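Visitor: below are the sequence and a predicted model; questions follow.
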Amino acid sequence: MNPSSSPLRLTVGRWLGIYPSITLLLLALGPLLFGHLPTPIITLLLTAILVPLTHYLVFPLIERLTGGWVLFPAQHGRAHHRTAIVVWAVTYPLITLVLLAVLALLHGKTPIPVLTLIVTLIAVPLQSLVLLPAIMPKVRPWILNGTRSLAHKGA
């Protein structure tokens with residue numbers, strides 16, 4: 001395994017992309033959403049923006065900014081899009097559960113950047129080190145339908 005694609009580096013890379021992205025989204029949209037919509041709907045809207053944003057734009061930027069210290073699996077076409085769908089399907093319920101737990105304790109008492117720090121420090125390792133490794137092998141045939149392999153950038 002390429003050290004740049006190790007589970008720990010991928011987790012750190014994901015967190016480096018997700019934390020500032022969700023923080024900025026919540027700073028911009030939080031006042032319009034919190035108190036007006038139920039948490040599962042807020043999470044649905046935010047993850048519908050966040051997952052494509054990070055998957056297609058932020059993670060490639062993280063690779064460049066870290067000089068290749070972290071390399072996300074390179075996929076193209078249908079496999080790339082299907083992976084994004086699977087990641088969203090894992091992320092939405094996970095973030096909803098974490099937010100329901102954390103918001104009950106901290107909403108209105110904690111600034112958004114601290115709130116998102118807490119949520120991402122819980123959710124990203126769970127997603128990256130537990131849930132995705134358990135789910136991806138099961139959905140790999142669907143993801144790769146019509147493609148030969150999951151190549152890694154730089155490998």
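Guide: Yep, it's here. Remember, it's a predicted structure, so these values are computed and weren't measured experimentally.
Visitor: for the helix or strand of the chain with the lowest mean pLDDT, name the packing helices and strands.
Guide: The weakest-scoring helix or strand in the chain, judged by mean pLDDT, DSSP states H and E, is helix 77-106 (a mean of 91). If you count contacts as 3 or more CB pairs under 8 Å, 6 or more residues apart in numbering; DSSP states H and E, helix 77-106 packs onto helix 39-52, helix 112-125, helix 132-143. (Glycine included, C-beta is placed from N, CA and C.)
Visitor: out of these, flag the one nearest residue 96.
Guide: Closest of the helices and strands packed on helix 77-106 to residue 96 is helix 39-52, at 4.4 Å (criterion: CB to CB).
Visitor: run the chain-centre distance for the helix or strand sitting right after that closest one along the chain.
Guide: Downstream of helix 39-52, the next assigned helix or strand under DSSP states H and E is helix 59-65. Here helix 59-65 is found 14 Å from its chain centre; the criterion is CA atoms, centre = their mean, to the nearest Å.
Visitor: neighbouring contacts of helix 59-65?
Guide: By CB atoms under 8 Å, 6 or more residues apart in numbering, the residues outside helix 59-65 that reach it are 13-14, 16-17, 70-72, 153.
Visitor: would you turn these into a markdown table with pLDDT, neighbour count and secondary structure?
Guide: As requested, the contacts of helix 59-65 are exported to a markdown table (pLDDT from 0 to 100; neighbours: other CB atoms under 10 Å; DSSP: H, G, I helix; E, B strand; the rest coil):
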| residue | pLDDT | neighbour count | secondary structure |
| --- | --- | --- | --- |
| 13 | 94 | 24 | helix |
| 14 | 94 | 24 | helix |
| 16 | 95 | 18 | helix |
| 17 | 95 | 25 | helix |
| 70 | 92 | 23 | coil |
| 71 | 89 | 22 | coil |
| 72 | 87 | 21 | coil |
| 153 | 44 | 15 | coil |
